[in-house]
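**Q** one predicted model, sequence on top.
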Amino acid sequence: MRFSRLQSLVACVAALTLAASAFAADTITLRKSVRLAPNTAILLSDVAELDGEAKKFANVEVGRTDAGAFELAVDALRQKLVAAGANSGSIKFNGDRVVVRPVRVATTAAATAPEEPVVRVRTAMEVTRRAEPKLIEPARFASDLTPLGIASNLIGNAFGGDLANVRLAMREDDLAKLAAKPGLRYEIAAKTALRTDRVDLEVIAYEGTKLVSRDRVRIEPRLAREVVTIACDVRRGESIDATNSSIETRFIAPSECERAADAATTIGTRSAKQLRAGTVVAADDIERPLAVRRNERIMVRREVGMVAIEFEAVALEDGLAGDVIAVEQAAKGRRRDAQALSAEVIAPGRAVVR
């Protein structure tokens, strides 16, 4: 009786041991991380240790490598195995994910000294050429229903609509973002003011009603302007004339247009500072003749409502046209307690009290 019970107990223990060993044998243990060559298939055996029946799925492809590191989750591996015919209930997984990284570049020990790497250094001219933006004529694209056409009209209209007098400076990568792709619908949204030196736009692409992409581009408007350019270095106080300057039409930034001196009146003036060759002459670069000099007698107009009177006054300081200077009403005997007035110089020998 006791022997029979002992036999039964031994048999049960043996059965449990076999079952446990069989269960433990069909396991997939994920490695914490692996390094594989980029752009290749990932096999199950690459990312896990396999035991028992799981070994027959060693060559199941569970993904592809990339140029950077990423994670493979256990749920994704389980789905791949089920698709390959595995019984997910009979296989135990250890671990919840594995990190896949690109393999490091191997260094082989050679008998001879390794070759020196060839490093190509770009010349300053190449760097400058690559950085220079392309100058686009918006009139060529204004009739196209493309991102570039929409942007051309948007910026051109902001500067008066005469596209022949506008150019758009753009980098190659920004120009590529404005290229139309078949099957997509585009919207252009201004992210900055349009009448500036640098205009930022957002290019929004849709496929039907689905948003496909949003790209930021920068466009630098250039406006045609007749300007005076310096041909050779000009010293301060030197006359600006045909021997050292020329009048030409250039496409320049909007802010430069505002600062540029009037080409029709600049020739014959004197430089207010030293100007280098190639400089576009700005209004501040030339001397303006004094319209009123200190202690000069001038005519001052004073407006009070609908009534205006004029009187003779003495300028207490020098002034250019547009300057506000102090003046004192002229009299045979100038009183020490006479009060000075502020008047705006409007022409040589004339001022007005606003």
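**A** Perfect, thanks for sending it.

**Q** quick one, helices of this protein?
**A** 2-25, 44-47, 74-83, 124-131, 147-158, 172-177, 254-259, 263-266 (DSSP state H).

**Q** show me the protein divided up by domain.
**A** What automatic domain parsing lists as the domains of the chain is 2-102, 131-223, 225-285, 297-353.

**Q** of the ones you listed, which is nearest A291?
**A** Smallest distance to A291 across the domains of the chain (CB to CB): 4.6 Å, for domain 297-353. (Glycine included, C-beta is placed from N, CA and C.)

**Q** just give me the longest strand of the protein.
**A** As assigned by DSSP state E, the longest strand anywhere in the chain is strand 210-230.

**Q** okay, the angle between that one and helix 147-158?
**A** Taking axes from the mean of the first three to the mean of the last three CA atoms, to 10 degrees, one finds strand 210-230 and helix 147-158 inclined to each other by 50 degrees.

**Q** give me the spatial nearest neighbour of K134, chain neighbours excluded.
**A** M170 (5.8 Å; CB to CB, 6 or more residues apart in numbering).

**Q** contact partners for the one you found?
**A** Shown in contact with M170 (CB atoms under 8 Å, 6 or more residues apart in numbering): P133, K134, I136, L178, V217, R218, I219, E220.

**Q** can you pull the pLDDT of the fourth one?
**A** When you say that, I think you mean L178. According to the per-residue confidence, L178 scores 90 in pLDDT.

**Q** follow-up on the earlier one: ok, so of the contacts of M170, who is nearest A69?
**A** In terms of CB to CB, no member of the contacts of M170 lies closer to A69 than V217, at 31.1 Å.

**Q** what's the burial count for that closest one?
**A** Close neighbours of V217, defined as other CB atoms under 10 Å, add up to 22.

**Q** with I346 as the reference, measure out to it.
**A** 47 Å (CB to CB, to the nearest Å).

**Q** and what of A164?
**A** Note on A164: its distance to I346, by CB to CB, is 37 Å.

**Q** ok, those two, which is more surrounded?
**A** Shown here are A164 and I346; by other CB under 10 Å, I346 has more neighbours (14 against 10).

**Q** is the more buried one in contact with A321, as I believe?
**A** Yes - taking CB atoms under 8 Å as the definition, I346 is a contact partner of A321 at 6.7 Å.

**Q** what is the neighbour count of the nearest residue to V203 once chain neighbours are set aside?
**A** Leaving aside its chain neighbours, V203 sits nearest to D215 (4.6 Å; criterion: CB to CB, 6+ apart). Summarising burial for D215: neighbours were counted as other CB under 10 Å, giving 15.

**Q** D215 is in contact with E202, isn't it?
**A** Yes - counting by CB under 8 Å, E202 is a contact partner of D215 at 7.1 Å.

**Q** by mean pLDDT, which helix or strand of the chain comes out lowest?
**A** Least confident helix or strand, the chain: helix 2-25 with a mean of 48, by mean pLDDT, DSSP states H and E.

**Q** thinking again about what came up before, Serialize the domains of the chain to CSV and add fields for distance to A291.
**A** Converted to CSV, those look like this (distance: least, CB to CB, whole Å):
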stretch, distance to A291
domain 2-102, 70
domain 131-223, 31
domain 225-285, 15
domain 297-353, 5
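
**Q** mean pLDDT lowest for which of those domains?
**A** Taking the mean pLDDT of these, domain 2-102 comes last: a mean of 75.

**Q** residues contacting D323?
**A** Neighbouring residues of D323 by CB under 8 Å, 6+ apart: A291, E344, V345.

**Q** list just the nearest of those to R101.
**A** Among those, and counting by CB to CB, the member closest to R101 is E344, at 74.0 Å.
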